[in-house]
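Undergrad: heads up, no residue letters with this:
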Ligand SMILES: NC(=O)C1=CN([C@@H]2O[C@H](COP(=O)(O)OP(=O)(O)OC[C@H]3O[C@@H](n4cnc5c(N)ncnc54)[C@H](OP(=O)(O)O)[C@@H]3O)[C@@H](O)[C@H]2O)C=CC1
Ligand SMILES: O=C(O)C1=N[C@H](C(=O)O)C[C@H](O)C1
């Protein structure tokens, strides 16, 4: 298998650390550099937790792309930084694999067009865990039979975006197969603002943030005399890494942007 030359953005982060380790330990992957917002020009091996991983740190992504010429960028940063990185990667002909969440519909449309113009692959995946992809697929299947649904997503309290990318993606998949609907009593009123959560096409989404959690979601369907709950839990960020690996391998064969791993996991 041809070696894939990879740059990871956000290496000191919770996900970035796992991704660096995955790339470093995968035979046909080469970790060529990392992009961070500090330690420019130093070796990653000098940073706590990366001993023996001797690759350069760049704080300037454009200089990194010009000098390193990677095949793939794995971005695990923050919503604003992730958007900028993805756009620049496409501009430089580097295929982005983006786990960073918080992208809007407009962001996705713009990036899809850019990938199309450049004729290269890109993957933006709100969730890399296979169990989470199945949860979303099962929820979409169930929505054909149950019109009423609410999503509860639960994450660690350091998460920047709400609702989670996974919750938004789940609501999008459900709204593709069920008619738009205003749920609950037509005259219901919130006596405390926000009590009914955010809504996506009439689907309430509730975001819980607590220390101790990692990434969890329940999709609850209600019907006549019954309820169906579909739940997924990530107890460790290692749960996301097989999806990152598959995405890096797949993005090399694509020439458009794919949003969501459900489109590449059959
Ligand atoms: N798709 C998926 O399956 C998953 C996606 N995620 C998403 O991945 C993203 C990262 O999550 P997580 O690892 O928990 O977050 P962290 O806050 O732990 O990591 C983000 C990292 O990005 C760094 N960073 C900030 N600005 C820049 C920049 N300009 N250049 C390079 N690095 C930068 C931060 O540095 P500093 O600390 O100095 O600010 C930090 O090290 C989030 O959007 C999250 O929602 C998370 C889990 C799974
Ligand atoms: O920030 C996180 O941790 C996670 N973010 C992603 C999301 O917003 O859906 C994926 C997973 O839930 C973990």
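TA: Arrived safely, thanks for sending. Fair warning: this is a prediction, and the values are worked out from it, not measured in the lab. Ligands and ions are numbered 1, 2, ... in the order given.
Undergrad: Can you verify my assumption that residue 85 contacts residue 75?
TA: Yes: the pair residue 85 and residue 75 qualifies as a contact (Cβ atoms under 8 Å) at a distance of 4.9 Å. Where C-beta positions appear, they are placed from N, C-alpha and C, glycine not excepted.
Undergrad: buried set for stretch 107-124?
TA: Using 16 or more other Cβ atoms under 10 Å as the test for burial, stretch 107-124 gives 107, 111, 112, 114, 115, 118, 120, 121, 122, 123, 124.
Undergrad: so of those residues, which ones are in helices?
TA: Among the buried residues of stretch 107-124, DSSP state H puts 107, 111, 112, 114, 115, 118 in helices.
Undergrad: Not counting sequence-adjacent ones, nearest residue to the fourth one?
TA: It stands for residue 114. residue 90 (4.7 Å; Cβ to Cβ, 6 or more residues apart in numbering).
Undergrad: quick one, what contacts that neighbour?
TA: 96, 111, 114, 115, 118, 120, 122 (Cβ atoms under 8 Å, 6 or more residues apart in numbering).
Undergrad: Distance of residue 131 relative to ligand 1?
TA: To ligand 1, residue 131 is 11 Å away according to Cβ to the nearest ligand atom, to the nearest Å.
Undergrad: gap between that residue and ligand 2?
TA: From residue 131 across to ligand 2, the span is 11 Å (Cβ to the nearest ligand atom).
Undergrad: Residue 221 now?
TA: On the measure of Cβ to the nearest ligand atom, residue 221 and ligand 2 end up 20 Å apart.
Undergrad: Show the model's pLDDT score for that residue.
TA: We have a pLDDT of 98 for residue 221.
Undergrad: what helix or strand does it sit in?
TA: Element membership for residue 221 (DSSP states H and E) is strand 215-223.
Undergrad: Moving C-terminal from that strand, which element do we reach first?
TA: strand 226-234.
Undergrad: quick revisit: looking at the ones in helices among the buried residues of stretch 107-124, spot the one nearest ligand 1.
TA: residue 107 (12.8 Å; Cβ to the nearest ligand atom).
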